[in-house]
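> A structural model of the following input is requested.
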Amino acid sequence: MTKHKKRKYNHQIKYKLKKMKKNNSKVIASENISVFDIADFFIRIASQKMIDDNLSEGITHLKLQKILYFAQAVYLSIYNKALFNEEIQSWQYGPVIKEVYSKYSRKGNSTITTSNFEYKIDDKKIAEFLKSVWELFGKYSAYELINITHNHAPWKESYVKGCKDIIIEKKVLRDYYKGLFDFKSKFNG
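Take a look at the predicted model:
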């Protein structure tokens with residue numbers, strides 16, 4: 001990623017996160033939501049985007065992993081609590097939720113598309129939060145998201161070549177992204 005692209009990316013993120021914080025200032029889930037419900041939510045959003053010949057764009061499991069990572073990271077940094085309970089691990093191609101990997105990895109590089117998912121996210125504020133995460137990160141390809149995560153400390157400092165079971169601690173995610181986006185001065189004033 002070039003310096004100019006990185007600066008533009010950081011500016012876009014700061015703007016979108018400021019908007020997310022303002023629009024979702026009272027989001028506090030009483031219970032954590034299943035990571036599979038969140039995954040289904042993102043799959044459905046991606047499936048609704050149409051490309052050539054009225055085909056659904058869908059989402060690869062690789063991109064889904066990175067979107068889930070950023071949803072957790074942003075939620076932790078704004079609300080100081082986890083969006084979902086599952087742990088995020090540091091793998092070769094970036095952050096991975098092992099349970100989601102187990103469910104969708106058989107798809108390989110193929111896209112996951114469907115309009116039949118019945119996700120169970122009843123909380124409208126959480127749904128709006130997830131839509132905002134999609135608007136912010138969904139425009140990037142899986143490989144762009146890999147490059148972004150590889151340049152951020154939570155993955156860089158936890159990844160060990162050949163190891164898949166190293167957990168990226170939620171506190172590390174919260175502290176890094178809270179610091180990266182400077183929430184105290186930008187959103188609490």
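
> contacting residues for residue 45?
130, 131, 134, 138 (Cβ atoms under 8 Å, 6 or more residues apart in numbering). Bear in mind the C-beta positions are built from the backbone N, C-alpha and C, glycine included.

> just the helices in this protein please.
3-23, 35-48, 61-79, 98-104, 124-137, 142-150, 153-156, 170-181, 183-187 (DSSP state H).

> what angle do the third one and helix 170-181 make?
Looking back up the chat, that one is helix 61-79. For helix 61-79 against helix 170-181, the angle by axes from the mean of the first three to the mean of the last three Cα atoms, to 10 degrees is 80 degrees.

> any low-confidence regions in this protein?
1-32, 49-57, 114-119, 181-189 (pLDDT under 70).

> make it 80
Applying pLDDT under 80 to the chain picks out residues 1-32, 48-58, 107-111, 113-120, 122, 179-189.

> list the residues that contact the closest residue in space to residue 63 that isn't next to it in sequence.
Leaving out its chain neighbours, the residue that sits closest to residue 63 by Cβ to Cβ, 6 or more residues apart in numbering is residue 142, at 3.8 Å. By Cβ under 8 Å, 6+ apart, the residues touching residue 142 are 60, 62, 63, 66.
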